[in-house]
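Novice: Quick one, structure for this:
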Amino acid sequence: MNFAKKIFWFLVTALGAGALGFVAIARGEPINAVWLVVASACIYAIGYRFYSRFLAYRVLQLDDGRATPAERLEDGRDFVPTNKWVVFGHHFSAIAGPGPLVGPILAAQFGYLPGTLWIIIGGVLGGAVQDFVVLFSSVRRDGKSLGQMAKEEISGLAGFAALFGVLSILTIVIAVTGLVVVNALKASPWGFFTIAMTVPIAILMGIYMRFLRVGRAIEASLLGFVLVMASVVGGRYISESHLLAPYFTYSAIGLAWMLVLYGFTASVIPVWLLLAPRGVLSTFVKLGTILLLAGGILAVRPTMLMPPLTRFIDGTGPIFAGKIFPFCFITIACGALSGFHSLISSGTTPKMLSKEGQARMVGYGSMLVESFVAVMAMIAACVLKPGIYFSVNSPAGIVGRLPEQAVATISGWGFPVTAQDMSDLATKVGEVTLFNRTGGAPSLAVGMAHIFSGSLGGAAMGIWYHFAIMFEALFILTILDAGTRVGRFLLQDLMGHFWKPLGKTSWYPGIILSSAIMVTAWGYFLFQGVMDPLGGINSLWPLFGISNQLLAAIALCVCTTILIKMGKSRYILVTLAPLVWLVSATMTASAEKIWAPDPALGFLAHARYLAEQIAAGTIAADKIADTQRLIFNDRLDAMVTLVFATVVLVILVESGRNWWLYSSGRKRVVLSESPVELSRLIA
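Specialist: Residues are numbered from 1 along each chain as shown. This next block holds a predicted model:
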């Protein structure tokens, strides 16, 4: 490195360290959001330039001269050498679900500081490392899945446990993402019309690319974007029409049924008709909006009105119960460290890389981009007045159903807000009310609209709000339809062991049966959240965070085992350190959610509390059936959490046993890499 580059990176390091230090220690006067943007951007640049380079060339020793699975096994369908920027876009679109948007919004109840530090540090040292190492490992093994790698590198028992964990996490992920959509669109004709229109638009794009202009993805994306923006604008007229608005206004239950039907349909129809064009549209909108939001923050330079730490660090938060440790670290998953990413890094992406060296940019780099999205989501939440933030995100079961009750409760916490403030804001964004809109999506949309309207035009806040809702929903629906399809593949693979025709992905009875099982599984948890008087997010998001982070623990166990078997034991801290941290946080959260005596925190304690209320006769007769259902759901959630934790303990024990056997020389090391073949492709 020449002298000029050394000076440049020294300045970047100094700027990043100074900005992060200011964010961490600033107290009293509110700080400007630009400090967070500068701190995160500099640290991500340093992490990519130096740490990912260390991983790539010292630890993993990437070799561009070695043929990848895309080259050796090219079949024109699954294994296809692809331009690195196309792979980057595909990978980013696949990993960037609701987590980097919703998680930071929910964790903002602690203040902006804990979540921001976890996003930045966890992203550089944890999430990006996991994604990169899993992607590299899968490329070296013919694009095999996480479960297959666990079976081959650890043991058959670990492989079975990993497969079970993958199916479990998919079920919870899809249910929670569906709940976020429901809470954002209920009683919102404008929002529902905009999101509903993305389905026929995606289908039109699929027909356009398959029959009218074959393979013209950019043309189809531009067409889709224009039509989506037209639907955002048109939704305003729908919502203002007394004739049309009722046809696009639905309750939470009605929306949940629609999502279940949509998920089933998306899983059984050809991938080119909906899933693929929605992915193209999603990537186009996501990247454009992220750049627009970053520019808006730099232009507006909004002040962080949320304090760095709030009173709810004691665990009494209204959005979800629990203290900073461990709940901040499971609430913010995808923006810092997410097990779901390991499924993508060992799924389609390793089958598309034309060179091993591209794994650094795709695996490590795309995670940093997602982490940056999470920082901007945190900013969007924290530039709102805290009273407004809590009014939008707090469930009716805690603050009250009437506006007067909610504002009195929230103002009593020290975050002043009035019913008129909320009414004026709802009018500006074109909604009837913004109270009790749990799930994170509405408050993020309000924050984004605030930033966009400040930089691009204040008169159009309603347009920007519903554009943001559409932007979030594209993130979410991509996970919902792709996740259901992936779950169907896994189920068919599992069922094929019992009866071979069920394992054929081309056999429609098997497709329909496995799709029905998958949507029934996640649909149950979705309805559980919809009917929860605490808003669903209070119980389902911690369950999502626990299952997601436990899956990350499985992935890091596999990564650590592979490093040991590669003879890289001196470097295992790169995966072992985040594994130890993750297991300590997630196991603590699991124990608290199961056995904590506080009904607001523990599943079993809440079930006992409700049962005691029924026994004491304090529950109205017409509410007893619903309460009994909640008791059953609490006990089910406790059991699911216990099963998740047990699965990971099995894999941890199996991994630790093998690590000891390898280090003591009692077990012969057999690395299940594919044979080396020289590459003939030009980068």
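
Novice: Name the spans of the stretch 151-300 of the chain whose pLDDT lies under the cut-off.
Specialist: Applying pLDDT under 70 to the stretch 151-300 of the chain flags the ranges 215, 217, 271-272, 275-276, 278-280, 283.

Novice: try 90 this time
Specialist: 151-152, 154-256, 259, 262-300 (pLDDT under 90).

Novice: can you give me the helices in it?
Specialist: 156-185, 189-207, 217-240, 252-268, 275-300 (DSSP state H, counting those that start in this stretch).

Novice: now the last one, how far from the chain's geometric center?
Specialist: Using CA atoms, centre = their mean, to the nearest Å, the mean C-alpha position of helix 275-300 is found 16 Å from that of the whole chain.

Novice: one step back: which of the helices of the stretch 151-300 of the chain is buried the deepest?
Specialist: helix 156-185 (a mean of 24; mean count of other CB atoms under 10 Å). In short, each C-beta sits where N, CA and C put it, glycine included.

Novice: any idea how far that one is from the chain center?
Specialist: Counting by CA atoms, centre = their mean, helix 156-185 comes out at 11 Å from the chain centroid.

Novice: tell me the angle of it relative to helix 189-207?
Specialist: Put simply, helix 156-185 runs at 130 degrees to helix 189-207, going by axes from the mean of the first three to the mean of the last three CA atoms, to 10 degrees.

Novice: follow-up on the earlier one: between the helices of the stretch 151-300 of the chain, which gets nearest to residue 96?
Specialist: helix 275-300 (6.2 Å; CB to CB).

Novice: So which elements touch the closest one?
Specialist: Helix 275-300 sits against helix 34-46, helix 84-95, helix 189-207, helix 217-240, helix 366-382, helix 441-456, helix 461-495, with contacts defined as 3 or more CB pairs under 8 Å, 6 or more residues apart in numbering; DSSP states H and E.

Novice: could I get those helices as a markdown table with distance to residue 434?
Specialist: Below are these laid out as a markdown table (distance: least, CB to CB, whole Å):
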| stretch | distance to residue 434 |
| --- | --- |
| helix 34-46 | 25 |
| helix 84-95 | 29 |
| helix 189-207 | 12 |
| helix 217-240 | 14 |
| helix 366-382 | 14 |
| helix 441-456 | 6 |
| helix 461-495 | 10 |
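
Novice: Helices of the stretch 1-150 of the chain, start to end?
Specialist: 3-25, 34-46, 52-54, 69-72, 84-95, 99-107, 112-122, 128-139, 146-153.

Novice: I'd like to check what contacts the longest one. Which residues are they?
Specialist: By CB atoms under 8 Å, 6 or more residues apart in numbering, the surrounding residues in contact with helix 3-25 are 1, 31, 35-36, 38-39, 41-43, 45-46, 49-50, 113, 116-117, 120, 308.

Novice: Next, count neighbours for residue 619.
Specialist: 17 (other CB atoms under 10 Å).

Novice: Check the one 3 residues further on too.
Specialist: Residue crowding around residue 622 was assessed by other CB under 10 Å; the count is 7.

Novice: cool, and residue 112?
Specialist: If we define neighbours as other CB under 10 Å, then residue 112 has 28 of them.

Novice: contacting residues for the spatially closest residue to it that is not a sequence neighbour?
Specialist: Among residues not flanking residue 112 along the chain, residue 382 sits closest, at 4.4 Å (CB to CB, 6 or more residues apart in numbering). Taking CB under 8 Å, 6+ apart as the criterion, residue 382 is in contact with 33, 108, 112, 304, 305, 306, 389, 447.

Novice: Would you check which pair of these lies furthest apart?
Specialist: Longest span within these, CB to CB: 33 and 389, 14.5 Å.

Novice: ok, back up a step: could I get the helices of the stretch 151-300 of the chain as a markdown table with distance to residue 435?
Specialist: Converted to a markdown table, those look like this (distance: least, CB to CB, whole Å):
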| stretch | distance to residue 435 |
| --- | --- |
| helix 156-185 | 12 |
| helix 189-207 | 16 |
| helix 217-240 | 18 |
| helix 252-268 | 14 |
| helix 275-300 | 25 |
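
Novice: right, and the ones you listed - which one's nearest residue 79?
Specialist: helix 275-300 (17.0 Å).

Novice: ok but residue 611 is inside a helix, no?
Specialist: Yes - secondary structure assignment places residue 611 in a helix (DSSP: H, G, I helix; E, B strand; the rest coil).
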